[in-house]
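In: Dropping a prediction and its sequence here:
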Amino acid sequence: MIMEYKYTLDPTSKKFRCPRCKMKRLVKFINNESKQYAPSEFGRCDRESACGYFKYPSNNKQQYLPTTESYVAIPKKTISYININVLDRFGNNYNQNNFISFLLQHFDESLVYDAIIEYNICTSNYWKGATIFLQIDNEFKIRTGKVMLFNALTGKRVKKPYPHINWMHKVFNYKEYNLQQCLFGLNLVNKFTTTICVVESEKTAIIMSMIFSEYVWLATGAKHNLKENLLKPIKNYPIILYPDKTEYESWNKKALLFSENNYNISTSNLLEKLNLEDGSDLVDYLFYFNGN
Ligand SMILES: [Zn+2]
């Protein structure tokens, strides 16, 4: 019976570099007759949920002999999306959008208008004056939207009496939503893109794009969201990270790991050197530090 199977997963603990996630976590297949490893593209990454790479040496799955460890190939859950018609539904009422009101205090209307179009900024009445930052991927599919409330005068987030932040798929009450975030602004990357700058907050990405429009500005949306998964779609572009003040060490550590995986990526320590409050970002520097 056993010899009917041509290949089996290597039962030893030897691991190789995974073709997908590049970590040394790939279990290779062994040819049962020759006892030789199958070519290195074939195998199973043991990072089952994070990576899930699994390639049989043959198109015929019958030739795969399951090992005693009861591994079952977990089908990759498909990404959930939000219908594109939200752009029509929420891409309006900008006079009731605190973030836009804030921008209009500092920038020409035409610049603000361009930013609205580029980043598909939307308005929500979930809280009066709220803004939606849509995460639109490189295929122009909407992964989700972040609903946030800003103070129209200061441009700061409203954090009291509670942080005014929610997700669109939660507001819509979608069940079993498989959220896979992408970088905010990812839809702006195209073949004409030269350098990509990555910041933490959506607000900062938008404002920086209005000041330094020669770069494409993207946001991770959260400190801990700087992940290779999110950077993968921009792997072929030069990337500069602009972490918030005090986050340099943590982002730079990750950037060094990404560099090992052939990313052309660097981290700016500009904010660390400035006399700014902890957690300040480029916009804080440009707006408040300069007494604007
Ligand atoms: Zn892997």
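Out: Okay, I see it. Because the structure is a prediction, the values reported are computed rather than measured.
In: mind listing what's buried in stretch 217-225?
Out: 217-221 (16 or more other Cβ atoms under 10 Å). C-beta coordinates here come from the backbone N, C-alpha and C atoms, glycine included.
In: got it, and stretch 20-38?
Out: For stretch 20-38, the neighbour count (16+ other Cβ under 10 Å) marks 20-21, 23, 25-30, 32, 37-38 as buried.
In: These: which ones sit near the ion?
Out: Among the buried residues of stretch 20-38, the ones lying close to the ion by the criterion of Cβ under 5 Å from the ion are 20-21.
In: Which of the buried residues of stretch 217-225 fall within helices?
Out: Of those, none are assigned to helices by DSSP state H.
In: follow-up on the earlier one: tell me the one among the buried residues of stretch 20-38 nearest to the ion.
Out: C21 (3.3 Å; Cβ to the ion).
In: sorry, back to before: among the buried residues of stretch 217-225, which are in strands?
Out: Mapping these onto strands (DSSP state E) picks out 217-219.
In: Around the ion, which positions in the chain sit nearby?
Out: On the criterion Cβ under 5 Å from the ion, the ion has as its neighbours in the chain the residues 18, 20-21, 45, 47, 51, 53.
In: Now for those residues: which two are most distant?
Out: Taking Cβ to Cβ as the measure, the residues of the chain next to the ion span a maximum distance of 9.1 Å, between R20 and R47.
In: sorry, back to before: export the ones in strands among the buried residues of stretch 217-225 to CSV and append columns for pLDDT.
Out: Converted to CSV, those look like this (pLDDT from 0 to 100):
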residue, pLDDT
W217, 98
L218, 98
A219, 98
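In: Any chance of JSON lines for the residues you listed, columns distance to S280?
Out: Formatted as JSON lines, those follow (distance: Cβ to Cβ, whole Å):
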{"residue": "W217", "distance to S280": "17"}
{"residue": "L218", "distance to S280": "19"}
{"residue": "A219", "distance to S280": "16"}
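In: tell me the contacts of C18?
Out: By Cβ atoms under 8 Å, 6 or more residues apart in numbering, the residues touching C18 are 24-26, 43, 45, 47, 51, 53.
In: got a markdown table for the buried residues of stretch 20-38, with distance to T204 too?
Out: Below are the buried residues of stretch 20-38 laid out as a markdown table (distance: Cβ to Cβ, whole Å):
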| residue | distance to T204 |
| --- | --- |
| R20 | 31 |
| C21 | 29 |
| M23 | 31 |
| R25 | 35 |
| L26 | 38 |
| V27 | 42 |
| K28 | 44 |
| F29 | 47 |
| I30 | 51 |
| N32 | 56 |
| Y37 | 48 |
| A38 | 48 |
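In: Looking at pLDDT only, which of the buried residues of stretch 20-38 scores worst?
Out: When the buried residues of stretch 20-38 are compared on pLDDT, N32 comes out lowest, with 81.
In: Does it touch P11 like I think?
Out: No - counting by Cβ atoms under 8 Å, P11 is not a contact partner of N32; they are 11.5 Å apart.
In: And for D278, nearest residue in space, chain neighbours not counted?
Out: Closest residue to D278 apart from its sequence neighbours, by Cβ to Cβ, 6 or more residues apart in numbering: T246 at 4.7 Å.
In: quick one: contacts for the closest residue to the ion within the stretch 151-292 of the chain?
Out: Closest residue of the stretch 151-292 of the chain to the ion, Cβ to the ion: E228 (10.9 Å). Shown in contact with E228 (Cβ under 8 Å, 6+ apart): 21, 257-258, 261.
In: Next, count neighbours for K253.
Out: Using other Cβ atoms under 10 Å, K253 has 10 other residues around it.
In: just R17 next, same as before
Out: 12.
In: and what of I100?
Out: 21.
In: Mind telling me what element it is part of?
Out: helix 98-106 (DSSP states H and E).
In: Give the other helices and strands that that helix contacts.
Out: Judged by 3 or more Cβ pairs under 8 Å, 6 or more residues apart in numbering; DSSP states H and E, helix 98-106 is in contact with helix 109-119, strand 130-136, helix 202-211.
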